[in-house]
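A.B. asks: One predicted model, sequence on top.
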Amino acid sequence: MKLYDRHILDDIRPHYHSPDVLVIHGARQVGKTCLMTLIREEIAATGAKTHYIDLEDLRLLAVLNEGPQALLGYLEESGLLRNKRLYLFLDEIQYVSNPSPLLKLLRDHHAERLKLIVSGSSSFEIKSKFTDSLAGRTVNFELLPLSFREFLHFRGSKIRLDKPVKSPPLVKELETLFREFVLYGGYPRVALEKEVKAREIYLSQVINTYIRKDIRDLANIRHIQKFNKLIETLAAQCGQLLNITELANTAGISRPTVENYLFILEQTYVIQLLRPFSRNIRGELFKTPKVFFHDTGIAHLLWLKEFPKTILGSMLENTVFAELRKDRELGEFFYWRTQDGKEIDFIVPRREGILPVEVKIAASKIRRSALQYFHERYKAQRSICLVLGGKVKTDDLFEVRYPWEGVT
């Protein structure tokens, strides 16, 4: 099977040979196992010894659940700890009943001959099982669905986005691919699949096994139908203000239960809440977040039960949110809204000042008055509007770009 590079490798490589435990978080099917295979191949190419353990294998899981000595005994008897340092890959570490003492002891007392690289499908479960004893002993990385640049690579496109693309045929090709990216999302298998029906079947399986079953079992969710109703309602509200009372009434569950489910869905890489930007100016909304999904393909199937034929504005905004979220150099960002209805999709803090970002399918939909108000109030130096259709141009108030050009 062909393996495709992921951009996160650039961040991980400097930690290959440190004593710390590398921990890779991410939802199921976003490519963690393939990423670990890539890392393993790169390390093995240096002449180092590597070994991979899939913790869905109950026999091997039982060995790790016995504790550090049992694992060391297994590795010794297998001849894996002789001579060279061993790079040990543990896939799905959350299945280990008590991983912290295991990883701590191996890291503190055996780092010279054993390097650990582990993965997990649930930040929630990993955090609940990883105790404070691992503080300063792990380096953590999040693997999310494909970015658009990675999507192009997976689709075999030769277009590079590290410099402006001006040729009309190439711009048209990028627009076509970006529309596909919005409709079907960024799961690696979906990017490689050519048939729309096959994509739908695959993502439906992800929903039924990971979201509806694994997360349900993980969080010990008893009201299954109500939980399903909640996530379907959230998918229909991508990019909207989160009204917990309304969600509770719609799903027929209590407000504390909704809050608990939202926490679980965030920690398992299904949704992400975006907080409002404010400098304590009266009249702005301070606490209400917006809800977004990490993957628009998943959101479409939860909401509509099928892929739409055209791009929806809310899902274009969701796609830009996901792209901003994957920008490792960006850090935290926000949305902005006032009580009288002025709103800007994203506020991105930059070294040179805050940057308002609008997202629109067409340039005619840009909220010029909101941008003007924000500029005057916050002394913003520039704005960017990401527009999927129409010509790219520069206005005296904002610069219009294509969504794939980003905000840097």
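C.D. replies: Here it is on my side, so go on. These numbers come from a predicted model, not from an experiment.

A.B. asks: Mark out where each domain of this protein begins and ends.
C.D. replies: Here the domain parsing of the chain from automatic domain parsing is 17-143, 150-405.

A.B. asks: is it possible to export those domains to JSON lines including mean neighbour count, distance to residue 8 and mean pLDDT?
C.D. replies: For every residue, glycine as well, the C-beta is placed using N, CA and C. Putting the domains of the chain into JSON lines (neighbours: other CB atoms under 10 Å; distance: least, CB to CB, whole Å; pLDDT from 0 to 100) gives the following:
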{"stretch": "domain 17-143", "mean neighbour count": "17", "distance to residue 8": "6", "mean pLDDT": "90"}
{"stretch": "domain 150-405", "mean neighbour count": "17", "distance to residue 8": "8", "mean pLDDT": "90"}
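
A.B. asks: Dump those domains to JSON lines, plus distance to residue 11.
C.D. replies: Below are these laid out as JSON lines (distance: least, CB to CB, whole Å):
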{"stretch": "domain 17-143", "distance to residue 11": "6"}
{"stretch": "domain 150-405", "distance to residue 11": "6"}
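
A.B. asks: Show me the longest helix that occurs in this structure.
C.D. replies: Identified as the longest helix of the chain according to DSSP state H is helix 168-184.

A.B. asks: tell me what the helix or strand following it is packed against?
C.D. replies: Using DSSP states H and E, the helix or strand that follows helix 168-184 in sequence is helix 188-192. Counting contacts by 3 or more CB pairs under 8 Å, 6 or more residues apart in numbering; DSSP states H and E, helix 188-192 packs against helix 148-154, helix 196-206.

A.B. asks: out of those helices, which comes closest to residue 189?
C.D. replies: Closest approach to residue 189 among these (CB to CB): helix 196-206, 5.6 Å.

A.B. asks: Measure how far the next helix or strand after that closest one is from the centre of its chain, please.
C.D. replies: Going down the chain from helix 196-206, the next helix or strand is helix 215-218, by DSSP H and E. Put simply, helix 215-218 sits 19 Å off its chain's centre (CA atoms, centre = their mean, to the nearest Å).

A.B. asks: who does helix 215-218 touch, helix- and strand-wise?
C.D. replies: Helix 215-218 is packed against helix 255-267, with contacts defined by 3+ CB pairs under 8 Å, 6+ apart.

A.B. asks: partners of the helix or strand following the helix it packs on in the sheet?
C.D. replies: The helix or strand immediately downstream of helix 255-267 is strand 271-274, counting by DSSP H and E. When pairing is defined by DSSP bridges, strand 271-274 lines up against strand 290-293 (antiparallel).

A.B. asks: Now do the strands in the stretch 201-350 of the chain.
C.D. replies: All strands of the stretch 201-350 of the chain, identified by DSSP state E, counting those that start in this stretch, fall at 271-274, 290-293, 334-337, 343-350.

A.B. asks: now these in a markdown table, with distance to residue 235?
C.D. replies: Formatted as a markdown table, the strands of the stretch 201-350 of the chain follow (distance: least, CB to CB, whole Å):
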| stretch | distance to residue 235 |
| --- | --- |
| strand 271-274 | 9 |
| strand 290-293 | 6 |
| strand 334-337 | 18 |
| strand 343-350 | 19 |
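
A.B. asks: nearest to residue 159, of these?
C.D. replies: Closest to residue 159 of the strands of the stretch 201-350 of the chain is strand 343-350 (CB to CB; 24.7 Å).

A.B. asks: List of residues touching whichever helix or strand comes after the closest one?
C.D. replies: Note on strand 343-350: by DSSP H and E, the next helix or strand toward the C-terminus is strand 353-362. Outside strand 353-362, the residues that touch it by CB atoms under 8 Å, 6 or more residues apart in numbering are 277, 311, 313, 316-317, 320, 336, 344-349, 366-367, 371, 374-375, 378-390, 398, 403, 407.

A.B. asks: doesn't residue 140 fall inside a strand?
C.D. replies: Yes: under DSSP: H, G, I helix; E, B strand; the rest coil, residue 140 falls within a strand.

A.B. asks: Who are the contact partners of the closest residue to residue 38 other than its chain neighbours?
C.D. replies: Using CB to CB, 6 or more residues apart in numbering and skipping the chain neighbours, the partner closest in space to residue 38 is residue 3 (5.5 Å). The neighbourhood of residue 3, defined by CB under 8 Å, 6+ apart, consists of 34, 37-38, 41.

A.B. asks: related to what we said a few turns ago, nearest to residue 140 among the helices and strands packed on helix 188-192 would be which one?
C.D. replies: That would be, of the helices and strands packed on helix 188-192 and by CB to CB, helix 148-154, which comes in at 20.2 Å.

A.B. asks: Check which helices and strands the closest one sits against.
C.D. replies: In terms of contacts (3+ CB pairs under 8 Å, 6+ apart), helix 148-154 is packed against helix 168-184, helix 188-192.

A.B. asks: What are the boundaries of the helices in the stretch 301-408 of the chain?
C.D. replies: Under the criterion DSSP state H, counting those that start in this stretch, the stretch 301-408 of the chain contains helices at 313-326, 368-378.

A.B. asks: can you tell which of the ones you listed is closest to residue 212?
C.D. replies: Smallest distance to residue 212 across those (CB to CB): 20.7 Å, for helix 313-326.

A.B. asks: Pull the closest one out as PDB, backbone CA atoms only.
C.D. replies: What follows is helix 313-326, C-alpha atoms only, in PDB (Å, rounded to 0.1, in the frame of the first residue of the first chain):
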ATOM      1  CA  GLY A 313     -22.000  28.600   2.800                       C
ATOM      2  CA  SER A 314     -21.900  27.200   6.300                       C
ATOM      3  CA  MET A 315     -19.800  24.200   5.100                       C
ATOM      4  CA  LEU A 316     -17.400  26.500   3.200                       C
ATOM      5  CA  GLU A 317     -16.900  28.400   6.500                       C
ATOM      6  CA  ASN A 318     -16.500  25.100   8.300                       C
ATOM      7  CA  THR A 319     -13.800  24.000   5.800                       C
ATOM      8  CA  VAL A 320     -11.900  27.300   6.400                       C
ATOM      9  CA  PHE A 321     -12.200  26.800  10.100                       C
ATOM     10  CA  ALA A 322     -10.700  23.300   9.800                       C
ATOM     11  CA  GLU A 323      -7.900  24.700   7.600                       C
ATOM     12  CA  LEU A 324      -7.100  27.300  10.200                       C
ATOM     13  CA  ARG A 325      -7.200  24.700  12.900                       C
ATOM     14  CA  LYS A 326      -4.600  22.600  11.000                       C
END
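
A.B. asks: All set, thanks.
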